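> okay, predicted coordinates and the sequence, questions at the end:
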Amino acid sequence: MNDLHYAVVVGINRYPAIVDLQGARGDAGRFREWLVDPAGGAVPEANVRLVTATKEDELTADVMSAVPTRENVNHALYHSLRAVRHAVADRPEGEQLTAWRRTRLYVFLAGHGIAPFGGDAALLMANAAMDLLGNHIAVRQYLNWYESASPFHEVVFFADCCRTRFGGVAAFGPPFTDTTEAPEEVDCLVGFATSLGDPAYEEQNPDPDLARGHFTTAVLEGLRGAGATPEGTVTSDSLADYVVRHVVDRTQGLIPQEARFIRGTSAPMVFARGLETGMFPVTLRFPDGFRGWVQLRGGNPGGVPLRLHIDAGESVEKLKPGLYRATPESVNAADFRDGGFFEVVTGGGNGVQL
């Protein structure tokens with residue numbers, strides 16, 4: 001396990017004074033699952049703070065009582081800050097620098113967002129309103145503090161939120177005042193769901209539990225292997241390249257959403273090693289209302305068809321590059337688009353409307 005890695009994960013669906021979302025809380029839960037997965041982020045569960053509202057909170061809250069708030073997020077970040085300081089300080093003096101080099105903080109933010117004055121993105125808290133937009137977590141201002149105070153060697157921000165401009169809203173940083181100087185340069189990776197000034201989208205679903213943010217989906221697929229190099233390593237560079245391609249693919253037919261990344265100047269961060277190569281997750285999107293068995297032929301000439309049972313609007317499958325054909329087993333099912341033929345290309349970013 002990565003015992004010196006920590007994470008704060010925030011997802012907000014309920015905004016009593018704005019407009020509710022479907023997928024942000026679920027996206028936060030899915031990102032947490034990757035973090036604590038030994039085959040994923042391998043972060044100890046005790047080092048991960050999930051900051052969301054319960055379903056009961058969402059049903060009963062008004063704007064004055066809605067959670068999570070900025071204070072809730074700051075409390076979780078402060079807990080991680082103190083924990084990593086103690087973890088490094090408890091090492092023998094000659095081992096503290098080596099331990100600090102192994103430290104990493106993940107901050108995942110999903111919900112409504114803006115680009116405030118002096119900032120590039122800010123997640124609005126549940127108690128935000130059009131006259132309370134200062135209730136936010138501003139990515140740039142928080143990152144600046146972490147780079148200056150240096151409790152962590154590596155800092156990773158993923159912000160799955162809109163970046164529409166609000167010039168009259170000041171961007172606020174954290175309340176922390178610990179400013180220990182870094183023994184070495186702090187490295188960072190920041191991923192934004194969309195370009196500055198633009199909205200971000202989530203995929204709507206009649207079942208709110210199945211709603212997904214396009215950016216978060218791409219990030220998780222990339223971290224689990226779609227963004228791997230030919231050697232089976234997921235780095236900050238390979239992940240960013242994959243996510244940018246895949247978000248564009250997923251938002252075709254909408255206003256195109258273009259993810260943006262800020263990468264550190266040192267060697268790329270490594271998120272995973274030794275992953276299976278040559279296989280890429282492909283999002284198979286089925287016609288509205290389709291349910292049942294599908295045969296998938298291709299990829300391995302002469303091989304046995306892959307049978308999939310479809311009980312939702314889409315299915316993510318790992319496939320080799322090549323030409324495939326999807327065929328419904330039921331004779332009563334409507335024909336798939338283009339005869340069910342589709343191609344999987346090297347590098348990921350695959351999405352297929354059948």
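In hand now; what should we look at? From a predicted model like this one, the values you see are computed outputs, not experimental measurements.
> can you pull the contacts of Val88?
4, 96, 99-100, 103 (C-beta atoms under 8 Å, 6 or more residues apart in numbering). Backbone N, C-alpha and C define where each C-beta goes, glycine included.
> alpha carbons of the worst-scoring helix or strand of the chain on mean pLDDT, as PDB, please.
When each helix and strand of the chain is scored by mean pLDDT, DSSP states H and E, strand 350-353 comes last, with a mean of 73. Output in PDB follows, covering the C-alpha atoms of strand 350-353 (Å, rounded to 0.1, in the frame of the first residue of the first chain):
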ATOM      1  CA  ASN A 350     -13.200   4.700 -27.800                       C
ATOM      2  CA  GLY A 351     -16.900   5.200 -27.700                       C
ATOM      3  CA  VAL A 352     -19.500   3.400 -29.800                       C
ATOM      4  CA  GLN A 353     -23.200   4.200 -30.400                       C
END
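> all strands for the stretch 1-150 of the chain, in order.
Assigned by DSSP state E, counting those that start in this stretch, the strands in the stretch 1-150 of the chain fall at 5-11, 48-51, 104-110, 113-117, 122-124, 136-138.
> what's the answer for the stretch 201-350 of the chain, then?
With DSSP E, counting those that start in this stretch as the criterion, the stretch 201-350 of the chain has strands spanning 202-203, 212-213, 234-235, 260-263, 270-272, 280-285, 292-298, 306-310, 314-319, 322-328, 341-344, 350-353.
> Asp151 - how many residues pack around it?
No Asp there; residue 151 is Pro. The number of residues packed near Pro151 is 24, by other C-beta atoms under 10 Å.
> you'd agree it is up against Leu81?
Yes: in this structure, Pro151 sits in contact with Leu81. The criterion is C-beta atoms under 8 Å, and the distance is 5.2 Å.
> mutual contacts of these two, please.
Taking C-beta under 8 Å, 6+ apart as the contact criterion, the residues that touch both Pro151 and Leu81 are Asp178.
> between the strands of the stretch 1-150 of the chain, which gets nearest to Arg165?
Nearest to Arg165 among the strands of the stretch 1-150 of the chain is strand 113-117; the distance by C-beta to C-beta comes to 4.9 Å.
> show me what counts as buried in the closest one.
Of all the residues in strand 113-117, those buried under the rule 16 or more other C-beta atoms under 10 Å are 113-116.
> Asn13: which of these is nearest?
Comparing the buried residues of strand 113-117 against Asn13 with C-beta to C-beta places Gly113 closest, at 13.7 Å.
> who's in contact with the nearest residue in space to that closest one that is not next to it in sequence?
The shortest distance from Gly113 to any non-neighbouring residue, by C-beta to C-beta, 6 or more residues apart in numbering, is to Cys161 (2.6 Å). Under the criterion of C-beta under 8 Å, 6+ apart, the contact list for Cys161 reads 109-113, 121-124, 193, 200.
> in PyMOL, select just the buried ones from the residues you listed.
Here is the PyMOL selection string for the buried members of the contacts of Cys161, based on 16+ other C-beta under 10 Å:
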select buried, resi 109+110+111+112+113+121+122+123+124+193+200
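> quick revisit: how distant is the least confident helix or strand of the chain from the center of its chain?
Going by C-alpha atoms, centre = their mean, to the nearest Å, the spacing between the C-alpha centre of strand 350-353 and its chain's C-alpha centre is 20 Å.
> sheet partners, orientation included, of that strand?
Using DSSP bridges, the neighbouring strands of strand 350-353 in the sheet come out as strand 280-285 (parallel).
> below-threshold pLDDT in this protein: ranges please.
Counting by pLDDT under 70, the chain has low-confidence residues at 179, 276-281, 299-303, 321, 345-350.
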